[in-house]
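*Asks:* Task: produce atomic coordinates for the following.
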Amino acid sequence: MPEDRDWEVYKAPPTRTPVLEKDTSLSNPVHLFQAAFSYVLDRPITFVREWIERQQAKNKFYYYHQQFRRVPDLSECMEGDYLCFFEAEAQWRRDRMVDQEIVAIVRERFGACQQREGPNQFQNCAKEMEQLVQVTKAYQDKYGELGAHGNARTCLMKQKHRMMEERKAQENADQ
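*Replies:* Numbering: from 1, shown residues only. Below you'll find the predicted structure:
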């Protein structure tokens, strides 16, 4: 790098910044509006919001960690106990949503394995594929053919019919 600098190309910055001269003795109306807005609206609202946030910080509510107690199954409800029927139905719906999420997570893991392994997916993702087959079969056995408006009662009846068919098949196999 040369020692001599070309002072025409790299000029030094000015030593003094020029001061703007005021043309009028009145202040700028924009500054007055900004100050009025700050004192009248912004500061009180900010104070109230910060106070509310301090109060909420003391009592944190974690809505995503809500835990429901397990309620009796529909088969354990007494006849005419409509509250028990309602709770069992709500429990069944929560269990169904949990099972749907389990199937979705296993399916996502299998898709990630396929994406990661590429052409070797059939040999390297066999464990994930087997797990996906088991989970989807269990979900289909429990909730399959119930439709969009399935409920705990129809699911219980489906389970009862499946158990009766398995018992008949076992009796026929024993004979």
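*Asks:* Helices along the chain, start to end?
*Replies:* 29-37, 43-58, 82-117, 121-124, 126-143, 152-174 (DSSP state H).
*Asks:* can you list the residues that contact stretch 44-61?
*Replies:* Residues from elsewhere that reach stretch 44-61 (C-beta atoms under 8 Å, 6 or more residues apart in numbering): none. The C-beta positions use only the backbone N, C-alpha and C, and glycine is treated the same way.
*Asks:* quick one: average pLDDT of that stretch?
*Replies:* In this model, stretch 44-61 has an average pLDDT of 90.
*Asks:* quick revisit: as JSON lines, the helices of the chain with distance to Val9 would be great.
*Replies:* Listed next are the helices of the chain as JSON lines, based on distance: least, C-beta to C-beta, whole Å:
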{"stretch": "helix 29-37", "distance to Val9": "40"}
{"stretch": "helix 43-58", "distance to Val9": "50"}
{"stretch": "helix 82-117", "distance to Val9": "55"}
{"stretch": "helix 121-124", "distance to Val9": "61"}
{"stretch": "helix 126-143", "distance to Val9": "65"}
{"stretch": "helix 152-174", "distance to Val9": "83"}
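*Asks:* Dump these to a markdown table, plus mean neighbour count and distance to Pro13.
*Replies:* Putting the helices of the chain into a markdown table (neighbours: other C-beta atoms under 10 Å; distance: least, C-beta to C-beta, whole Å) gives the following:
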| stretch | mean neighbour count | distance to Pro13 |
| --- | --- | --- |
| helix 29-37 | 10 | 29 |
| helix 43-58 | 10 | 39 |
| helix 82-117 | 14 | 56 |
| helix 121-124 | 12 | 63 |
| helix 126-143 | 14 | 65 |
| helix 152-174 | 11 | 79 |
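*Asks:* and of the ones you listed, who's closest to Gln67?
*Replies:* helix 82-117 (10.7 Å; C-beta to C-beta).
*Asks:* Return the per-residue confidence for Arg69.
*Replies:* pLDDT recorded at Arg69 is 85.
*Asks:* May I have the residues that are in contact with the closest residue to Thr136 other than its chain neighbours?
*Replies:* In this structure, Thr136 finds its nearest non-sequential neighbour in Val103, 6.1 Å apart by C-beta to C-beta, 6 or more residues apart in numbering. Residues in contact with Val103, defined by C-beta under 8 Å, 6+ apart, are Val135, Thr136, Tyr139.
*Asks:* let's see it at 10 Å
*Replies:* Leu132, Val135, Thr136, Ala138, Tyr139, Gln140, Tyr143 (C-beta atoms under 10 Å, 6 or more residues apart in numbering).
*Asks:* Fine by me, we can end here.
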